[in-house]
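Novice: just the structure for this:
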Amino acid sequence: MISVSALSLGEATRTFFERLYFGDKPEPLGTATQLIYSAVIVLVMAVPFVGTLAALAIWAERKVAGHIQSRIGPNRVGPFGIFQSVADGIKLIGKEDLIPAGADRTLFRLAPYLCFAPVFAAFVALPFGPDLIFEPRLNVGVFYVLAMLSVDVLGVILAGWASDNKWSIYGAMREACQTVSYEIPLGLSVIVAVMAAGTLNMADMSRMQSGGLHTWLIFSNPFTFAAFIIFFIASLASNKRAPFDLPESESELVAGFHTEYSGMRWAFFFFAEYAAMFVVGAMQAALFLGGFHDPFGLVGHFHAKYSAAGNNAGIILVNVAAAVIFIVKACVIIFIQMWLRWTLPRPRIDQVLHGCVKVLLPAACATLLGAALWQLLAGPAVARVVSMLLTAGGVAIVMIVATWIAYAIVTARRVRPRLSEPAPLQ
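Specialist: Now for the predicted structure:
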């Protein structure tokens, strides 16, 4: 989502890239120019990025599942099977698009696009870099992303209802129950981060975490740390990710809400799911994990240095590095979601709702109350000490997990795979 960002809200009427392309003038761009400029960004950067992201995420899901289950995964189409998603896309384009005889044809056609379009629109507010934000002047960026993600459930309900299939309706109702329920603790955990940052603008939230690892909001106090965990758990349910994948649980609902879909309409549901995974991971990175900043504060330092010197080439390089850091953070969250999917069993729907209403919601309310009291009562010295302790604990946890993964990779060579590597095709 390359685009367009101001150094700070209200500092300039034109963003950095607008000034670079159209000149450094005080007046904003004209309406027609702004529309054309935004459309070019969407078509040239946003659409290819989301499509490539979904294709790579589907391939990565298969590879992660294969390695966790001692299998090989895709290895035929391209190096390491990386073009398997492209082959699947070509297959889906050629498949017959069927609509059940008793379906509501208008709603049946609308549902996949109603799932995908809001997730695509959520990329507008994601801060990929200091100057790589589609709309940095969106003061309610956090609220906007949550609103867009909440529309996804409407598409799922339409898909289930319009299919005239009892399994599809069951899956849609499950989605409605768990998504609407888990959006409450998810929203409360976001409020904790907003309270700590003092703004709803995601670009400003990322900029204020530029001082290094200890300035990341996840380490600002114990309650933001707890809010990050609550947000992650609730986001799994919001994205229909295991162990909360009951809306499409194949063991009892065939395929759930998208049972009757085929071809590209079926593919749109999965494009929406993987794009939403990235949006949620990016949102966690922006709210809690320093946004587009590195742990050492180098991005913020060099961006301020090059901005003061008027070095446009340096600013562009810093933005590219920041975008890579931001995407890597979001992809780490996606990897953890995949890891959990192929590790944890699926609970029953009553257990899912019990976990929300009886466990996660009270925890979110207690975290919100604690965060409010912390803001009111904690002094600067106490806050600084606690922040340093949380930072040290967070680094220790990351090092332990990284060592665990490295050990698993090294020792996996001694594990006999369930399927031997076949001979290459002639």
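Novice: whichever strand or helix holds Glu175 - what's its average pLDDT?
Specialist: If you go by DSSP states H and E, Glu175 is part of helix 166-197. Over the span of helix 166-197, the pLDDT mean works out to 90.
Novice: ok, stretch 129-144 next?
Specialist: Mean predicted lDDT for stretch 129-144 stands at 88.
Novice: pull the CA atoms of that stretch into CSV?
Specialist: Extracted in CSV, the C-alpha atoms of stretch 129-144 (Å, rounded to 0.1, in the frame of the first residue of the first chain):
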residue,chain,number,x,y,z
GLY,A,129,6.2,3.3,6.7
PRO,A,130,6.6,6.9,7.8
ASP,A,131,5.5,8.1,4.4
LEU,A,132,3.9,4.9,3.1
ILE,A,133,0.3,5.3,4.3
PHE,A,134,-2.6,5.6,1.9
GLU,A,135,-4.4,8.1,4.1
PRO,A,136,-2.3,9.4,7.0
ARG,A,137,-4.9,12.1,7.9
LEU,A,138,-7.5,9.5,8.9
ASN,A,139,-7.9,10.4,12.5
VAL,A,140,-10.1,7.4,13.3
GLY,A,141,-7.8,4.8,11.6
VAL,A,142,-8.2,2.2,14.3
PHE,A,143,-11.9,2.5,14.4
TYR,A,144,-12.1,2.4,10.6
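Novice: where does this structure dip in pLDDT?
Specialist: 1-12, 412-426 (pLDDT under 70).
Novice: what residues of stretch 82-89 count as buried?
Specialist: Buried residues in stretch 82-89, counted by 16 or more other Cβ atoms under 10 Å: Ile82, Phe83, Gln84, Ser85, Asp88, Gly89. Heads up, the C-betas are built off the backbone N, CA and C, glycines and all.
Novice: who touches it?
Specialist: Ala54, Ala55, Leu56, Ile58, Trp59, Arg62, Pro74, Arg76, Val77, Gly78, Ala267 (Cβ atoms under 8 Å, 6 or more residues apart in numbering).
Novice: can I get the buried part of those as one ChimeraX selection?
Specialist: With 16+ other Cβ under 10 Å as the criterion, this ChimeraX line picks the buried residues out of the contacts of stretch 82-89:
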select :54,55,58,59,62,74,267
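Novice: for Met195, state which of the contacts of stretch 82-89 is nearest.
Specialist: For those, the minimum distance to Met195 (Cβ to Cβ) is 33.6 Å, reached by Ala54.
Novice: my guess is the closest one contacts Ala276. True?
Specialist: No: applying Cβ atoms under 8 Å as the test, Ala54 and Ala276 come out as separate, 10.1 Å apart.
Novice: contacting residues around Ala372?
Specialist: Met195.
Novice: use 373 as the first number for this chain going forward.
Specialist: All right, first residue 373 from here; so that's Ala744.
Novice: secondary structure element holding it?
Specialist: Going by DSSP H and E, Ala744 is in helix 733-749.
Novice: could you identify the helix or strand that succeeds that helix?
Specialist: Defined by DSSP H and E, the subsequent element after helix 733-749 is helix 752-783.
Novice: list the buried residues for that following helix?
Specialist: Val758, Ser759, Leu762, Thr763, Gly766.
Novice: tell me the SS of Arg391?
Specialist: With DSSP: H, G, I helix; E, B strand; the rest coil as the basis, Arg391 sits in helix.
Novice: do the one 10 residues further on as well
Specialist: Leu401 carries the three-state label coil when classified by three-state DSSP.
Novice: what distance do you get for it to Ile505?
Specialist: 16 Å (Cβ to Cβ, to the nearest Å).
Novice: now distance to Tyr779 too, for the buried residues of helix 752-783, in a markdown table please.
Specialist: Formatted as a markdown table, the buried residues of helix 752-783 follow (distance: Cβ to Cβ, whole Å):
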| residue | distance to Tyr779 |
| --- | --- |
| Val758 | 32 |
| Ser759 | 30 |
| Leu762 | 26 |
| Thr763 | 25 |
| Gly766 | 20 |
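Novice: closest to Pro615 among these?
Specialist: Nearest member of the buried residues of helix 752-783 to Pro615, counting by Cβ to Cβ, is Gly766, at 24.6 Å.
Novice: does that closest one touch Pro594 like I think?
Specialist: No: Gly766 is beyond contact range of Pro594, at 11.7 Å (criterion: Cβ under 8 Å).
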